[in-house]
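A.B. asks: Fold the following and give me the result.
(2 chains)
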2 protein chains.
Amino acid sequence: MRDVCLRAGFGEVVTPTFEHSELFTLRSGQAVIDEMYAFRDKGDREMALRPEITASVIRFFVNELSNSPKPLKLYYVGNCFRYENPQSGRFREFFQLGAELIGSKNPETDAEVIALAVNAIRSTGLKDFTVRVGHIGILKSLVQAEIPDKQAVAEVLRMLDKEDFDALGDMFDARTLPRKLFDRITTIAEMRGSVEIMDSLEKSEATDHLREIFRILSLYGIEDCKIDLGIVRGLDYYTGMVFEIDAPALGAEKQIMGGGSYTLSELFGGEPVFSTGFAIGIDRVALALAAEGEKKPHTPLDAYVIPAKDDMRDHAFRIVSSLRAEGVRADVDLMRRNMSKNLKYASSAGAKCAIIVGSKEMADNSVTLRDMRTGDQRVVAVGDLAKVVAGLG
Amino acid sequence: MRDVCLRAGFGEVVTPTFEHSELFTLRSGQAVIDEMYAFRDKGDREMALRPEITASVIRFFVNELSNSPKPLKLYYVGNCFRYENPQSGRFREFFQLGAELIGSKNPETDAEVIALAVNAIRSTGLKDFTVRVGHIGILKSLVQAEIPDKQAVAEVLRMLDKEDFDALGDMFDARTLPRKLFDRITTIAEMRGSVEIMDSLEKSEATDHLREIFRILSLYGIEDCKIDLGIVRGLDYYTGMVFEIDAPALGAEKQIMGGGSYTLSELFGGEPVFSTGFAIGIDRVALALAAEGEKKPHTPLDAYVIPAKDDMRDHAFRIVSSLRAEGVRADVDLMRRNMSKNLKYASSAGAKCAIIVGSKEMADNSVTLRDMRTGDQRVVAVGDLAKVVAGLG
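C.D. replies: Residues are numbered from 1 along each chain as shown, chains lettered A, B, ... in the order given. This is a model prediction of the structure:
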């Protein structure tokens, strides 16, 4: 995933693992305090292990990078923390890879960020996931046009986010809000499908924006996104496009990515700047891969070098050293085992081949290469080894 | 550095960022508590942000991996914490890359671990660093042979570690310990140089072990290590070979790596198992690189794609997408800038080349490639772009 970010021109940033609690409550509100891994340090300061990384990145941007040429493209990989009962897909320590594109709100920048998230997840080998893209402005503008009370607007949006339409209906009744608005917004909140689903809506800046995003995504080779106008996302600072990715295999905790366009820099004393970003839950992606039958990541050896006799050990060390220098993942017998135990170790370590260093072959500066999958053996010149091992595929 | 570890057959492990404080005091003694970033969590447990990662790796080995084939080769990259006044090279949060080879105490495993540390540091581009290798058994056995009190032995070794020979002399006087022993151990503690420096010592298991390590290191192409018999290292669990790497450019805080062979598994309820490991201070390596004039790491673009006119934007998106898919670090105009502003942005982003997508060239499925360093321009077929960009070196 790092490599996908680098290829798209994003640079890695590293921010502190814990911060003053205030940094996070500024962004996410006091409500997050209960879920935060907050503590008092020895200097009696209110600190918290970070629940997310975006706030730190934007603070870093405001303090250090605000004069950089725009758009500024940053990504991060880091551990985050929540104080909750651990359960599958909800660990107390979890890992996120995220990106922030700062300084633009064009459809092309939104599309770029969506493409990055999709390509990063694709690169893990995950097959079954769905990308849903919405626009917070569609529901928000309808609600704001008819409900003057800001608090009530926020509450309506929160219920839409949770898809708690019963509670929303009760609230509309209690406050005698227009039933027509309720019908309209719950209909829109349930709209999911291809871009054409928006044909039933009035043309607006938001629908134009979404259409252009989908057009650019198809130029990027990303054809399988869906419109989902019900995505509201909990936090107040989202301004336009919002998107989520799910891995259906995960059941209840199926969301593996969330993001959207937002303004946050004012919170940290900066000028208002439009940004678009996302965060991928790495642990959940790993769980989803496991659910698809992907074996847990391991680092198999390309080659395991075995001295046939004790007097071949020095040759074996030289050979393993030059293989590594040429980029081969190579190991060597360090335990002075006999041949059959060494072959057993090579097999359990998942080595593609064993390289047997015998005195007869070394007289010709050659070794015996044994393909560990087929058992085939052949003699290979030491100078050709790296190339031959690489060719084992 | 990760890549060097992988090529040497080490697999990455990730352990928790904070643990019960006890895990760390078990390994390092109560003395570390004051320097630890310890706190009480909401459940009133004594927790600490990890001051180091070895204890967690060995605990993980004991609990989960003790039946794996030996040697087991693990590495980690992670953030560690200390509660101290921050200063250059001593940050409250700092990063370590470390490795542990578990299940052997052969000279070849010690040599393998030293070679890994040296190759990892070499891979960063750092030029001026010194590798010092010693053996804790040489001083320890001399001291233990003449001083029966274990506490006194530990105190002597601590003073040797700090090279505080004045205090050591005072202690010898106060306890009327043999002056001859004092002279002998302080002479040895100051022995630094090539392997031959050990010719003046009685042949022992320890000197044989060190000689064999140096012989294997030279087979690995590592010729510039020095013997330093004064390395004692503070912690009690080191058993044999100990080694350190310094970057002289850093002055007082010049140590960038420390390691050695040890047994720790018993502390966590496991069988005694010999291991050899090290930890590199990544922040200090970065400071040393900066002192050598290395520019701070950045991620320059290979190519920046510019649509010459608005109707070329879609072609530009397709081209940047296929360049990225072929492994090129590529970006595209997302701000609808004019040509001169785009070229300026390409230059400030450090792009090697700008790829100008014009309608005339696109009619031939070609683009104009501008070398940003020389200003030279030439027409290149879209299908050849990735190869041509890679060839810019």
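
A.B. asks: can we go C-alpha only for contacts and neighbour counts from here?
C.D. replies: Will do.

A.B. asks: Low-confidence ranges, chain A, go.
C.D. replies: Filtered on pLDDT under 70, chain A yields the residue ranges A:30-31, A:234-236, A:296-299, A:393.

A.B. asks: what residues are up against A:Leu183?
C.D. replies: Just to correct that, residue A:183 is Asp rather than Leu. For A:Asp183, the contact set (CA atoms under 8 Å, 6 or more residues apart in numbering or on different chains) is empty.

A.B. asks: For the stretch 251-393 of chain A, just list every one of the strands.
C.D. replies: A:255-263, A:274-281, A:303-307, A:330-332, A:353-357, A:366-371, A:377-381 (DSSP state E, counting those that start in this stretch).

A.B. asks: Any idea which of the ones you listed gets closest to B:Tyr237?
C.D. replies: B:Tyr237 lies closest, by CA to CA, to one member of those: strand A:330-332, at 27.2 Å.

A.B. asks: Please determine whether the closest one lies in contact with chain B.
C.D. replies: Yes - residues of strand A:330-332 are located near chain B by CA under 8 Å from any CA of the partner chain, namely A:330-331.

A.B. asks: Over to stretch A:23-34?
C.D. replies: No - Stretch A:23-34 is not in contact with chain B by CA under 8 Å from any CA; minimum separation 9.8 Å.

A.B. asks: what's the answer for stretch A:354-371, then?
C.D. replies: No - Stretch A:354-371 lies out of reach of chain B by CA under 8 Å from any CA, never closer than 13.7 Å.

A.B. asks: and if you look at stretch A:123-133?
C.D. replies: No - if you take CA under 8 Å from any CA as the test, stretch A:123-133 misses chain B, and the best it gets is 10.6 Å.

A.B. asks: so how far is the first residue of that stretch from its last?
C.D. replies: End-to-end distance for stretch A:123-133, by CA to CA, to the nearest Å: 20 Å.

A.B. asks: Distance check, the closest residue in space to A:Asn79 that isn't next to it in sequence against chain B.
C.D. replies: Spatial nearest neighbour of A:Asn79, chain neighbours left out: A:Phe95 (4.4 Å); criterion: CA to CA, 6 or more residues apart in numbering or on different chains. A:Phe95 is 11 Å from chain B, where distance means CA to the nearest CA, to the nearest Å.

A.B. asks: A helix includes A:Phe95, no?
C.D. replies: No - counting by DSSP: H, G, I helix; E, B strand; the rest coil, A:Phe95 falls outside a helix, being strand.

A.B. asks: Tell me which residues touch it, please.
C.D. replies: A:77-80, A:281-283.

A.B. asks: Helices - which of these land there?
C.D. replies: If you go by DSSP state H, the contacts of A:Phe95 have A:282-283 in helices.

A.B. asks: A:Met47 contacts A:Ile33, correct?
C.D. replies: No - A:Met47 lies out of contact with A:Ile33 (CA atoms under 8 Å); the separation is 10.8 Å.

A.B. asks: wait, what's in contact with A:Gly193?
C.D. replies: Counted by CA under 8 Å, 6+ apart, A:Gly193 has contacts A:226-228.

A.B. asks: try it again with 6 Å
C.D. replies: A:226-227 (CA atoms under 6 Å, 6 or more residues apart in numbering or on different chains).

A.B. asks: can you check A:Glu361 too?
C.D. replies: A:Val367.

A.B. asks: Minimum distance to chain B, which residue of the stretch 201-350 of chain A gives it?
C.D. replies: Per CA to the nearest CA, A:Arg329 is where the stretch 201-350 of chain A lies closest to chain B, at 3.8 Å.

A.B. asks: Now do that residue against B:Met335, distance only.
C.D. replies: 43 Å.

A.B. asks: Between those two, which has more neighbouring residues?
C.D. replies: Taking other CA atoms under 10 Å in any protein chain shown, A:Arg329 and B:Met335 do not tie; A:Arg329 has more neighbours (27 against 16).

A.B. asks: show me the contacts for that one.
C.D. replies: Taking CA under 6 Å, 6+ apart, we find A:Arg329 in contact with A:301-302, B:7-9.

A.B. asks: Show me those residues that map onto helices.
C.D. replies: Assigned to helices by DSSP H, the following of those qualify: B:Arg7.

A.B. asks: Out of the contacts of A:Arg329, which comes closest to A:Leu267?
C.D. replies: Using CA to CA, those come closest to A:Leu267 at B:Arg7, 45.2 Å.

A.B. asks: which bits of the stretch 101-250 of chain A sit near chain B?
C.D. replies: A:108-109, A:219-220 (CA under 6 Å from any CA of the partner chain).

A.B. asks: same thing but at 10 Å, please
C.D. replies: A:103-112, A:115, A:119, A:215-221 (CA under 10 Å from any CA of the partner chain).

A.B. asks: residues contacting A:Ile188?
C.D. replies: When contacts are counted by CA atoms under 10 Å, 6 or more residues apart in numbering or on different chains, A:Ile188 touches A:138-139, A:182, A:198, A:200-201, A:228-230.

A.B. asks: what do you get for A:Leu6?
C.D. replies: If a contact means CA under 10 Å, 6+ apart, then A:Leu6 has A:12, A:73-75, B:299-301, B:324, B:327-330 as its contacts.

A.B. asks: okay, which residue is most central for chain A?
C.D. replies: Central residue of chain A (CA atoms, centre = their mean): A:Ile280, 2.9 Å from the mean position.

A.B. asks: okay, now the spatially closest residue to it that is not a sequence neighbour: neighbour count?
C.D. replies: Distances taken as CA to CA, 6+ apart place A:Met257 nearest to A:Ile280, at 4.3 Å, with adjacent residues excluded. Residue crowding around A:Met257 was assessed by other CA under 10 Å; the count is 24.

A.B. asks: thought A:Met257 was touching A:Arg233?
C.D. replies: No - A:Met257 lies out of contact with A:Arg233 (CA atoms under 10 Å); the separation is 11.8 Å.

A.B. asks: which residues do these two both contact?
C.D. replies: A:243-244.

A.B. asks: All the helices of chain A, residue numbers only.
C.D. replies: A:2-7, A:21-28, A:54-60, A:107-123, A:136-146, A:150-161, A:165-174, A:179-189, A:205-219, A:282-291, A:313-325, A:339-348, A:359-362, A:385-390.

A.B. asks: Tell me which of those helices lies nearest to B:Gly251.
C.D. replies: Nearest of the helices of chain A (CA to CA): helix A:54-60, 29.7 Å.

A.B. asks: Provide the contact partners of that closest one at residue level.
C.D. replies: If you take CA under 10 Å, 6+ apart as the criterion, helix A:54-60 is touched by A:13-19, A:23-28, A:50, A:61-66, A:74-76, A:98-100, A:102, A:263-270, A:273, A:275, A:277-279.

A.B. asks: Name the residues of the stretch 251-393 of chain A found near chain B, please.
C.D. replies: So far as CA under 10 Å from any CA goes, the stretch 251-393 of chain A lies against chain B at A:297-304, A:313-336, A:344-345, A:348-349, A:351.

A.B. asks: filter the residues you listed to the buried ones?
C.D. replies: Neighbour counting with 16 or more other CA atoms under 10 Å in any protein chain shown marks A:299-304, A:313, A:315-325, A:327-336, A:345, A:349, A:351 as buried within those.
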